[in-house]
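>>> Would you be able to build a 3D model of this:
(2 chains)
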Amino acid sequence: ETGVTQSPTHLIKTRGQQVTLRCSSQSGHNTVSWYQQALGQGPQFIFQYYREEENGRGNFPPRFSGLQFPNYSSELNVNALELDDSALYLCASSPDRVTEAFFGQGTRLTVV
Amino acid sequence: GIQVEQSPPDLILQEGANSTLRCNFSDSVNNLQWFHQNPWGQLINLFYIPSGTKQNGRLSATTVATERYSLLYISSSQTTDSGVYFCAVEPDFGNEKLTFGTGTRLTIIP
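Model prediction:
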């Protein structure tokens, strides 16, 4: 059984650019959530997708957007990158909306 | 939103010692998980424990949902246990998803 995989593992972008991060959910999981973890802090919830529909959003601006595809994989898009967007971005999948979540290895984004 | 507090923030122990990590939360929850974050950033699932007690080898966890706390026990610590331990909860009501505590950084000295 393949776990949650994220790509790329590391990324360096310039302020003002746009970035797309990708996540493949674990087999049989229909729910994907994205989290941002700044250095020295706990992960913060960005948004969740359930069966291709947004199912909750945290306190992040609209320039953070996402998609979930029919195979339940997902993308996180961030427009107009700011220096404070530098963080570890974590994707989690779960079999349903309120069940155990399993995390990928993360994408470390650096904005310069 | 729901508040999650973990204690202690830092813990330094000799190899072989036992430890107890605590997670307090401010509202009723339908999901509580404990994670160990490895040095590369991956969150490793330890327990899914919205209530009750579970054990897995040297680790065990107890959640007392009515009193809004959970405990993670680590016995006979090994250096590989070092890292940051997070508690995350999802409240019963509202649109909040997993909310993480600030973590406990555990350092095991040989």
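>>> Who is the residue of chain B found nearest chain A paired with across the strands?
Distance from chain A to each residue of chain B (C-beta to the nearest C-beta) is smallest for residue B:100, at 3.5 Å. Backbone N, C-alpha and C define where each C-beta goes, glycine included. Beta bridges link residue B:100 to residue B:88 when assigned by DSSP bridges.
>>> That one against residue A:42, yeah?
Yes: Residue B:100 is within contact range of residue A:42, at 3.5 Å (criterion: C-beta atoms under 8 Å).
>>> between the two, what contacts are shared?
Common neighbours of residue B:100 and residue A:42, counting by C-beta atoms under 8 Å, 6 or more residues apart in numbering or on different chains, are B:86, B:88.
>>> What strand or helix carries the nearest residue in space to residue A:101 that is not next to it in sequence?
Among residues not flanking residue A:101 along the chain, residue A:92 sits closest, at 4.1 Å (C-beta to C-beta, 6 or more residues apart in numbering or on different chains). Per DSSP states H and E, residue A:92 falls inside strand A:87-94.
>>> What's the mean pLDDT across that strand?
Taken as a whole, strand A:87-94 carries a mean pLDDT of 96.
>>> other SSEs contacting that strand?
strand A:5-7, strand A:19-24, strand A:31-37, strand A:74-78, strand A:102-103, strand A:107-111 (3 or more C-beta pairs under 8 Å, 6 or more residues apart in numbering or on different chains; DSSP states H and E).
>>> Chain A contacts on chain B?
Proximity of chain B to chain A, by C-beta under 8 Å from any C-beta of the partner chain, involves residues B:30-31, B:33, B:35, B:40-43, B:45, B:48, B:86, B:88, B:90, B:95-103.
>>> check contacts around the spatially most central residue of chain A.
A centroid search over chain A (C-alpha atoms, centre = their mean) returns residue A:34, at 3.3 Å, as the residue closest to the centre. Counting by C-beta under 8 Å, 6+ apart, residue A:34 touches A:23, A:45, A:46, A:47, A:48, A:66, A:74, A:76, A:89, A:90, A:91, A:92.
>>> hang on, isn't the last one packed against residue A:32?
Yes: at 7.1 Å, residue A:92 counts as touching residue A:32 under the criterion of C-beta under 8 Å.
>>> Which of these two has more residues huddled nearby?
Taking other C-beta atoms under 10 Å in any protein chain shown, residue A:92 and residue A:32 do not tie; residue A:32 has more neighbours (31 against 28).
>>> nearest residue to the more buried one other than its sequence neighbours?
Distance criterion C-beta to C-beta, 6+ apart; nearest residue to residue A:32, sequence neighbours excluded, is residue A:74 at 4.2 Å.
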